[in-house]
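**Q** Got a sequence here, can you model it:
(one chain, ligands or ions: 1)
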Amino acid sequence: MEIKRVACVGAGFIGLGWATLYSSKGIEVILHDISNDMLGKALKQIKLNLLFLEKHRLLKRGCTDVALKKIKTTLNLTEAVYPADFVTECVPENYTINKKLFKAMDEIAPEHTILASSSSGLLMTEIQKATNKPERCVMTHPILPLHLIPLVEIVGGEKTSKETIMKTYKFMDSLGRTPVVLNKEVPGYIVNRLSAALWREAVSLVSTGVASAEDVDRAFCKGIGLRDPIFGPCLRAHIAGGSIEGFLDKLHESYTERWKTMETWTSIPSSAAKKVIKSVHEMNIIRKKTFVEIEELRDEKLAKILKIMLPKHPFY
Ligand SMILES: NC(=O)c1ccc[n+]([C@@H]2O[C@H](COP(=O)([O-])OP(=O)(O)OC[C@H]3O[C@@H](n4cnc5c(N)ncnc54)[C@H](O)[C@@H]3O)[C@@H](O)[C@H]2O)c1
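**A** Numbering: from 1, shown residues only. Model prediction:
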C-alpha cells in the first residue's frame, strides 16, 4: 500500500524535521501537538527549513509553497492519526507517555497503518506491549538536523513483523533516506552507541588535560570526521591493514595498549564534567558566535557536503 499521508505526533525539533522531509517529498502531513504554540512555531521553522533546502538546490525552486500546502495542523489526535497511512511519533522520551500514546494511536489508526516512534533511547519491545497490534509498531530513529542528515535507523521490537520493517525500509528509501535495519534491539542503536564511546573519550582527554575541548574537536573534525564520511570504521580498518585480517593482527597490540589506558566510566564523574564545561566555554567559536549562528554555520557546511555525498553513496 502506497503511503500518501503521514501523521507527525509531536511538533518539536523532530516532529517539524519529519514534517519538512515528508512535505518536501510531496507527502501529505497532518502535524499534531498538544500545544497550539508549538504548532505555530513548527510551521514557521518548517518554512525556513524548506527555503534553506531551496536555496541550496536540495529542493526544486518554488517548491516551498507546494510543500507547505501539504501540511495541516491539529490539536486532535484522532484527526491526525485516523486518515494516516504512516504515523511518526515524536513526543518526549518517556515510557509512560509513549505507551499511553501508542495505545491511543493503535485504537484510532486504520488496520494498514504503521506506527513508528522516533525515540533515541526507548525500546519498542516495551512500548508495543501497550497495543493490540504490536506487529505494526517500529522505531525509526532520525539524526538532527533531520531534513539534512539522511540516516534513519530502523529497529523492531520482539513483536514487530518483518512486513512492517520491510514497508518502513521501502518508505524511508523512497524519501531519499539511507535506512539501516538493526538485527536486534540495543539501547542507543548504532549511532548513539558510537557517539557515546566517542564522547566518553573526548571528556577523558579534556578532563585529564591531554588537550583542550577546542583541540579535541579540531582533531576530530579535520581528522576522523573528514575521512570517515567516505568509509566508516569497518572499511577503514580493512583498507588500513591491507585486509581486515591484517588490521586485526598487525594493530592488535597498539589498540590493546590504548584501550588499557582508556576510561570505562558508565557515568561522567563530576570533577571531569566541571573541567569539560570550563574548556567548552573557552572555545573560540562559543565566545564569538551565538547558538543560532553556530547551528546556521553547521547547516550551511552540511548542505555543501550533502551535494557531494548525494545521490546516495554507491555502496551504502
Ligand atoms: N532532539 C534530538 O536530537 C533527537 C534526535 C533523534 C530522536 N529524538 C527523539 O525524538 C523524540 C522527540 O524529541 P524532540 O527533540 O523533538 O522533543 P521536543 O521536546 O522538541 O518536542 C516534543 C513535542 O511533543 C509535544 N508533546 C508532548 N506530549 C505530547 C502528546 N501526548 N501528544 C502530542 N504531542 C505531545 C510537545 O508539546 C513538544 O512540542 C524523542 O523521543 C527524542 O528522543 C530526538
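
**Q** Can you show me the CA trace of the one helix or strand Val87 maps to as CSV?
**A** Following DSSP states H and E, the helix or strand that holds Val87 is strand 86-89. C-alpha atoms of strand 86-89 as CSV (Å, rounded to 0.1, in the frame of the first residue of the first chain):
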residue,chain,number,x,y,z
PHE,A,86,2.0,6.0,8.5
VAL,A,87,2.4,7.6,11.9
THR,A,88,5.6,9.2,13.2
GLU,A,89,5.6,9.7,16.9
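
**Q** Are the following helix or strand past that strand and the ligand in contact anywhere?
**A** Using DSSP H and E, the helix or strand that directly follows strand 86-89 along the chain is helix 95-108. Yes - among the residues of helix 95-108, 97, 101 lie within reach of the ligand under C-beta under 6 Å from any ligand atom. Where you see a C-beta, it was placed from the backbone N, CA and C, and this is true even at glycine.

**Q** Likewise for stretch 292-307?
**A** No - among the residues of stretch 292-307, none lie within reach of the ligand under C-beta under 6 Å from any ligand atom; the closest is 12.1 Å away.

**Q** can you list contacts of that stretch?
**A** Under the criterion C-beta atoms under 8 Å, 6 or more residues apart in numbering, residues 52, 56-58, 145, 148-150, 229, 285-286, 289 lie in contact with stretch 292-307.

**Q** need those residues in JSON lines with distance to Val181, can you?
**A** Shown next, in JSON lines, are the contacts of stretch 292-307 (distance: C-beta to C-beta, whole Å):
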{"residue": "Phe52", "distance to Val181": "30"}
{"residue": "His56", "distance to Val181": "29"}
{"residue": "Arg57", "distance to Val181": "30"}
{"residue": "Leu58", "distance to Val181": "25"}
{"residue": "Pro145", "distance to Val181": "23"}
{"residue": "Leu148", "distance to Val181": "22"}
{"residue": "Ile149", "distance to Val181": "17"}
{"residue": "Pro150", "distance to Val181": "15"}
{"residue": "Pro229", "distance to Val181": "21"}
{"residue": "Ile285", "distance to Val181": "36"}
{"residue": "Ile286", "distance to Val181": "38"}
{"residue": "Lys289", "distance to Val181": "38"}
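
**Q** Return the backbone torsion pair for the residue of the stretch 1-150 of the chain found nearest the ligand.
**A** Of the stretch 1-150 of the chain, the residue with the smallest distance to the ligand, taken as C-beta to the nearest ligand atom, is Gly12 at 1.8 Å. In terms of degrees, to the nearest 10, the main-chain angles of Gly12 are phi -80, psi -150.

**Q** neighbours around it, how many?
**A** Residue neighbour count, defined by other C-beta atoms under 10 Å, stands at 17 for Gly12.

**Q** Settle this for me: it is touching Met38, isn't it.
**A** Yes - Gly12 is within contact range of Met38, at 6.6 Å (criterion: C-beta atoms under 8 Å).

**Q** which parts of stretch 157-173 are buried?
**A** Burial within stretch 157-173, assessed by neighbour count using 16 or more other C-beta atoms under 10 Å, is assigned to 157, 159-161, 164-165, 167-169, 171-172.

**Q** do the same with stretch 212-230
**A** 212-214, 216-217.

**Q** Filter those residues down to just the ones in helices.
**A** 213-214, 216-217 (DSSP state H).

**Q** now, the most widely separated pair of those?
**A** Using C-beta to C-beta, the pair of those lying farthest apart is Glu214 and Val216, separated by 7.5 Å.

**Q** separation between the residue positioned nearest the centre of the chain and Arg61?
**A** For the chain, the residue nearest the mean C-alpha position is Ile143 (1.8 Å; C-alpha atoms, centre = their mean). Distance of Ile143 to Arg61, given as C-beta to C-beta, to the nearest Å: 27 Å.
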